[in-house]
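Student: Got a sequence here, can you model it:
(2 chains)
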Number of protein chains: 2
Amino acid sequence: MKKHYFLPFLLLPYLAVCQTNPTTVPIVTAQAESFYNLKDSATVQQIYHEALQNGKAYGYLRYLCLNIGGRMTASPQAEKAVKWTKSIMDSLGLDSVWLQPIKVPHWERGKQEKAYIQTNNGKTDVPICALGGSIGTGSKGIKAGIIEVKQLSELATLGEANIKGKIIFYNRGFDATKFDTFEAYSGVGDQRRNGASEAAKYGAIGVIVRSLAQNNDDLPHTGSMSYQPNVPQIPAVAISTNGANLLSETLKKSPTTQVYFETYCQRFEDKISYNVIGDIKGTEKPEEVIVVGGHLDSWDLAQGAHDDGAGCMQSIEVIRIFKKLNIKPKRTIRCIMYMNEEFGNKGGIGYANYAEQEQGRLKHIAALESDRGGFTPRGFSTDAPPELLTKMQFWLPLMNNYGISEIKKGGGGVDITPLKVVGTVLIGYVPDSQRYFDLHHSTADTFDKVNPRELALGAAGMASLLYLLAEYGVQP
Amino acid sequence: MKKHYFLPFLLLPYLAVCQTNPTTVPIVTAQAESFYNLKDSATVQQIYHEALQNGKAYGYLRYLCLNIGGRMTASPQAEKAVKWTKSIMDSLGLDSVWLQPIKVPHWERGKQEKAYIQTNNGKTDVPICALGGSIGTGSKGIKAGIIEVKQLSELATLGEANIKGKIIFYNRGFDATKFDTFEAYSGVGDQRRNGASEAAKYGAIGVIVRSLAQNNDDLPHTGSMSYQPNVPQIPAVAISTNGANLLSETLKKSPTTQVYFETYCQRFEDKISYNVIGDIKGTEKPEEVIVVGGHLDSWDLAQGAHDDGAGCMQSIEVIRIFKKLNIKPKRTIRCIMYMNEEFGNKGGIGYANYAEQEQGRLKHIAALESDRGGFTPRGFSTDAPPELLTKMQFWLPLMNNYGISEIKKGGGGVDITPLKVVGTVLIGYVPDSQRYFDLHHSTADTFDKVNPRELALGAAGMASLLYLLAEYGVQP
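Tutor: Numbers count the residues shown, from 1 in each chain, chains lettered A, B, ... in the order given. All right, here's what the predicted structure looks like:
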C-alpha cells in the first residue's frame, strides 16, 4: 500500500523514455533496492515510528523557547542554551560531548525603538526595529525627508544631490510568484545587508528597509547588516510591511514626508561562546564524520522557535533516536549546535577551522543542516556531485511515504557552508517554506507556530538520511 | 531553473531501468511534453502567478469566516453563505449561476453542554460537546459508571451484564505512525459514527467518544453520528483528548468513577437549502461537465475555515482565475458549493440525482473536490482507471515546481462520491494533512489558521488540473 503511492511517479520517465505501453509497465523497485536493503527499509520505518510515537524534539523545543527564550549571540540566554543542550547530550549516552570555544560579536538592541511618519497632517507611529549590527541614533533620533527606492542600483542614478541628508527607504518586496520563499528572500536581501553603506556613500543619514517578510502585517523583522570599511556608518532599521506600504502611499501623496526614528542599539566587545558538539562514534569508519546540526543562537526579538530552535532540537532528536533504537552507525555522526549563525557565523567558521586542522585525523564527508524552519517536510537539497546525488535519490522510496519527495541540487546551510574548505558534501533539510517568512526574525517566531508532527517528521527524515549516509558513505 | 528541481527525480527510474551511466543521462522532458504543449505550460504558469499575486481566495475566506461565520446546515448562516457565494459567482460573469434546492436535516446543539468526572475525591469538569445528530439529555443530564473500550468489538465480549445502565467510553486514539492523517482518522471513525447504537444494543445509557483529533488539547471535536433503526437512541458526546486521557487515568485508579453530562441538542423538521452552482461553458464540448467544489456547510462550533470554507473559496477562485485570464475551457467547468456534507450529504446526493436525470444531455466526466483543508499542496488523489491516471501523471512536471508532487490512487471527496452513479472520475485535492485534525470540527477551525499562500497554491493547482482536464478530457 505504501509503495503504491510512489510507484506511478517512479514509472513516469520510464514510460516516456522507453516508450512502453503504459498499461504494461514493469516493476522497477527491484533495481532501486540494490541501493539499499530490506534491513534499511525496516530501520527507516523504526526511525519514523519512534519520532512520531515517542518523539522528544517538540518537548525539547518547548523548553528552549519557553524556559530559555530568545538566544541572541553573547546574551545570557545563549549561554543558558549552551549549558542546557550540553546537558541533554550528556544525558543521551553519546561517545563524547564537548564545547568548542568561539569568539563571537556582541551587539545589543537596547531600549525599544520608536518611529513616526510626519506629514503636514501630523504624525503616524510605525513599527520599526534596528537591524542587527547597526549603530543607534540614541535618544535624539534622526529625522529627514525620505527617498524611496526599489533597487540599490537606483542610488547611483539619484546621486548625492538628491540623497544627501535624506533617509533612504528600500521598499522592494518578495516576489510572490516564487514557490520557494527562500528564493524570494534571496531576491531582496541586499537591501538589508548592504543598504546602509551603499546609501551612506551618497550622503544618506539613515536607511529604512522594508521587512524581509512574505506577508503584510505590523511586525518589523530584524536581521544582520554590516558596514563597509571607510564608509560613514549610518543607522539602519527595518519597518513592518504594513508600515512600508503606508510610508510608500504617504510619499506618493506627500513627497515632502519626513520620518523620525530613534534606536538604542550598540556594539560591545566580543565575547567567548561555544559550539556544542556530541558524537556517536562510527563502528567501521569512525574517522569519517557526518555532521548534523542547526544554530543555537537566534535574534533577540522572538523565541527563535523555527529559526533555529527547530533545527537544533531536530538534530538532537536524531542522535536520541539513534541511541534509543540502538542504531550503530558505521561512520561517526556528530551533532553540532552552532553559535552565532545570525550575526557573523563565527561558530560555523570556527568549526570549519577546526575541521581543517584535524584533516589528518578526521574526514568530514558530509554535513546536514536544518535551518529552514520546522515545517512539514518536502525533501533535501545538496551540493553533492551528480553521481552521489543520484545515489541519494535512489533512497527516496524509503522516505517518500513520509513526505520526503525530492532530493534536489542546492545548498546546505549557513553554518555548514564553511566546511567546503575540507570538501564536505553539504545537505540542507528542506521543509515547506510557505509560512517561514511570515515569522522569520520577528516576534512571531514562537513555539506555538510549530506543529509537533511536522517537527518530528523532519527529525525522522534527517535521521533516515544520516543513517543511510553512515551506512553507505558518499562514494557514488 | 524551475525545470531543474524536477529533472533529477524524473530521471531516477530511467537510470534504474535502462541501466544508463548516471553521468550521461538524456533529457526526457521532450517525450513527456507530448502529453501537453508549450501553451499549456504557459497557461499553468499564468494561473499560478495570478493566484499568488492577485489571488482572491483568502479575501473571500476572510468574509465567509469572519462576516458569516460557522454555517451549520439549516442555520441562518448557511443561508447567508448561499446568498453570498451566489452573489460572488454572479459578479464573475459566468455563463450561468443557479441554486439547486435540497431538503436538508435540521439539528441544533442548543445550550452549552456540561460534564464532569466524579470520584470519591470529588468532581472534575471536562470539556465535551454533543455529536451531530445525537439526542440530548436535557437539563436532568445522565450520570453513570463508565466502561472504557478501544474497539466496538469489545462490547460483545463485555456483554449486557457489564454494560447495562453504564456509559460506554470509546477511547481509541489516532495511529500516530500514519503520515496521512486522514488514514489515521479513518481508523477511529467507527467510534463516533456507530458507537451509540452499538452500545445501546447492550443496554448502555450513553456514550462518550474520544475526540477524533490528532493532538492533545482541551477542545472537544464534534462530527456526525447516526442511530440504527430499531435500537434505543442514547445520547452521544465527544470529549477532548486531554479529557479522555484524564478519564482513562482516573478509571485506572478508581474503576467506580462516574461521569455526568448534560446536552441540549435536538432534531427539527427538515428544511430546504441549496447547492450553489455556476458554469463556464465549454467551447468545444459543452456537454462534458467537469465539477469543482467543496461544501459550504460547516459544524456550528467553529468558523469552518479549513473545513471547508477553504475548499469552497478555492473552487470559486478557480473560476475567477479562468475568467480573469480569459481561459476558455474546451469542456464545461462547473463550480458547486455543496450543502450539508457534514451531516447527511444531501447536497452531494441531490446533485448526483440531478446528474443522473440529465444524463442524456450532460456527461459528468470528472469532479474535483477540495475538502482536506487549505494547507500547503502535496498533490491529488483519484479513482481514475490506470490509463487515465498515467495520463494525468504526465502533467505533473507542469505543477511540480509549485508543490504538486504526486497524483495517486485514492478517493475524491464526500460531496462528489455520489456522482459515481454516472461514471464520473473522482479527484480529491490533497494538501498536507499534518495540522488538519488538530482543528477539524472544533472551535479551533478558524480563519487565522489559514495561510494565504498555501490557500492560493491549492487553488492554482486545482485550476491547472481542471484546465488540463478541460483541454484533454478523460480519455486515456
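Student: low pLDDT regions in the stretch 1-150 of chain A?
Tutor: Low-confidence regions of the stretch 1-150 of chain A, defined here as pLDDT under 70, cover residues A:1-34.
Student: Try it again at 90.
Tutor: Residues of the stretch 1-150 of chain A meeting the criterion pLDDT under 90: A:1-37.
Student: Equivalent analysis for the stretch 351-476 of chain A, please.
Tutor: Residues of the stretch 351-476 of chain A that meet the criterion pLDDT under 90 lie in A:476.
Student: Helices of that one, residue ranges please.
Tutor: Ranges of helices within the stretch 351-476 of chain A are A:386-393, A:396-399, A:436-439, A:452-472, based on DSSP state H, counting those that start in this stretch.
Student: touching chain B at all, the second one?
Tutor: Yes. Applying C-beta under 8 Å from any C-beta of the partner chain, one finds that helix A:396-399 is in contact with chain B at residue A:396. The way it works is simple: take the backbone N, C-alpha and C, and place the C-beta from them, glycine included.
Student: and that helix, how far out from the chain's middle?
Tutor: Distance, stretch centre to chain centre, for helix A:396-399: 24 Å (C-alpha atoms, centre = their mean, to the nearest Å).
Student: That helix packs against which elements?
Tutor: In terms of contact count using 3 or more C-beta pairs under 8 Å, 6 or more residues apart in numbering or on different chains; DSSP states H and E, helix A:396-399 is assigned the packing partners helix A:2-18, helix A:38-54, helix A:452-472.
Student: doesn't residue A:334 make contact with residue A:291?
Tutor: Yes. In this structure, residue A:291 is within contact of residue A:334 by C-beta atoms under 8 Å, at 5.1 Å.
Student: Redo the helices of the stretch 351-476 of chain A as JSON lines? Include mean neighbour count.
Tutor: What follows is the helices of the stretch 351-476 of chain A, written out as JSON lines (neighbours: other C-beta atoms under 10 Å in any protein chain shown):
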{"stretch": "helix A:386-393", "mean neighbour count": "19"}
{"stretch": "helix A:396-399", "mean neighbour count": "24"}
{"stretch": "helix A:436-439", "mean neighbour count": "23"}
{"stretch": "helix A:452-472", "mean neighbour count": "26"}
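Student: what bridges to the closest residue to residue A:341 other than its chain neighbours?
Tutor: With C-beta to C-beta, 6 or more residues apart in numbering or on different chains as the criterion, residue A:341 has its nearest non-adjacent residue at 3.4 Å, and that residue is residue A:295. Under DSSP bridges, the beta-bridge partners of residue A:295 are residue A:338.
Student: Pull the contacting residues for residue A:323.
Tutor: With contacts defined as C-beta atoms under 8 Å, 6 or more residues apart in numbering or on different chains, residue A:323 is in contact with A:92-94, A:280.
Student: Could you check stretch A:433-441 against chain B for contacts?
Tutor: Yes. In this structure, stretch A:433-441 sits against chain B according to C-beta under 8 Å from any C-beta; the contacting residues are A:434-435, A:438.
Student: which residue is nearest the centroid of chain A?
Tutor: For chain A, the residue sitting closest to the mean C-alpha position, by C-alpha atoms, centre = their mean, is residue A:371 at 3.2 Å.
Student: That residue is in contact with residue A:307, isn't it?
Tutor: Yes. Here residue A:371 lies in contact with residue A:307, judged by C-beta under 8 Å, at a distance of 7.1 Å.
Student: now the strands for the stretch 301-450 of chain A?
Tutor: A:331-338, A:363-369, A:377-382, A:406-409, A:425-431 (DSSP state E, counting those that start in this stretch).
Student: Can you lay out those strands as CSV showing mean neighbour count?
Tutor: Listed next are the strands of the stretch 301-450 of chain A as CSV, based on neighbours: other C-beta under 10 Å:
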stretch, mean neighbour count
strand A:331-338, 28
strand A:363-369, 26
strand A:377-382, 25
strand A:406-409, 20
strand A:425-431, 26
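Student: Help me confirm that residue A:418 comes into contact with residue A:354.
Tutor: No. Contact criterion C-beta under 8 Å: residue A:418 and residue A:354 do not qualify, at 10.4 Å.
Student: what inclination does the lengthiest strand in chain A have with respect to helix A:452-472?
Tutor: The single longest strand within chain A, with elements called by DSSP state E, is strand A:266-280. Angle of strand A:266-280 versus helix A:452-472, following axes from the mean of the first three to the mean of the last three C-alpha atoms, to 10 degrees, is 60 degrees.
Student: Contacts only, for the nearest residue to residue A:237 once chain neighbours are set aside.
Tutor: Ranked by C-beta to C-beta, 6+ apart and with sequence neighbours excluded, the top spatial neighbour of residue A:237 is residue A:128, at 4.5 Å. Residue A:128 makes contact with A:113-115, A:208, A:220, A:237-240, A:243, A:261, A:263 under the criterion C-beta under 8 Å, 6+ apart.
Student: which residues does residue A:128 bridge with?
Tutor: residue A:239.
Student: how much space is there between it and chain B?
Tutor: Noted for residue A:128: a distance of 24 Å to chain B, by C-beta to the nearest C-beta, to the nearest Å.
Student: Pull up the gap between that residue and residue A:142, please.
Tutor: 12 Å (C-beta to C-beta, to the nearest Å).
Student: what do the two both touch?
Tutor: Residues touching both residue A:128 and residue A:142 by C-beta under 8 Å, 6+ apart: residue A:261.
Student: my read: residue A:325 touches residue A:47, true?
Tutor: Yes. The pair formed by residue A:325 and residue A:47 meets the contact definition of C-beta under 8 Å, at 6.8 Å.
Student: Which residue of these two possesses the greater neighbour count?
Tutor: Legend: neighbour count by other C-beta atoms under 10 Å in any protein chain shown for residue A:325 and residue A:47, higher for residue A:47 (27 against 15).
Student: check contacts around that one.
Tutor: Residue A:47 neighbours (C-beta under 8 Å, 6+ apart): A:321, A:325, A:327, A:460, A:463-464, A:467.
Student: Show me the subset of these that also lies near chain B.
Tutor: The subset of these within reach of chain B, by C-beta under 8 Å from any C-beta, is empty.
Student: Now do stretch A:201-219: distance to the chain's middle.
Tutor: 21 Å.
Student: Can I get that stretch in CSV? Just the C-alpha atoms.
Tutor: The C-alpha atoms that make up stretch A:201-219 are tabulated as CSV, following Å, rounded to 0.1, in the frame of the first residue of the first chain:
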residue,chain,number,x,y,z
LYS,A,201,28.2,56.7,0.0
TYR,A,202,25.8,59.3,-1.4
GLY,A,203,25.4,61.1,1.9
ALA,A,204,22.2,59.5,3.3
ILE,A,205,21.9,59.8,7.1
GLY,A,206,20.0,56.6,7.7
VAL,A,207,18.1,53.8,6.0
ILE,A,208,14.7,52.2,6.5
VAL,A,209,14.4,48.7,5.0
ARG,A,210,11.1,47.0,4.2
SER,A,211,11.0,43.9,6.4
LEU,A,212,12.1,40.8,4.5
ALA,A,213,8.8,39.2,5.1
GLN,A,214,6.3,37.4,2.9
ASN,A,215,3.1,38.7,4.4
ASN,A,216,1.6,42.1,5.3
ASP,A,217,1.5,42.8,9.0
ASP,A,218,2.7,45.1,11.7
LEU,A,219,5.8,43.3,12.8
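Student: got a list of what residue A:275 touches?
Tutor: Under the criterion of C-beta under 8 Å, 6+ apart, the contact partners of residue A:275 comprise A:99-100, A:102, A:336-339, A:347, A:350-351.
Student: Between the residues you listed, which sits nearest residue B:250?
Tutor: Out of the contacts of residue A:275, the one with the shortest distance to residue B:250 is residue A:337. That distance is 40.6 Å, counting by C-beta to C-beta.
Student: That closest one touches residue A:294, doesn't it?
Tutor: Yes. Using C-beta under 8 Å, residue A:337 is in contact with residue A:294, at 7.0 Å.
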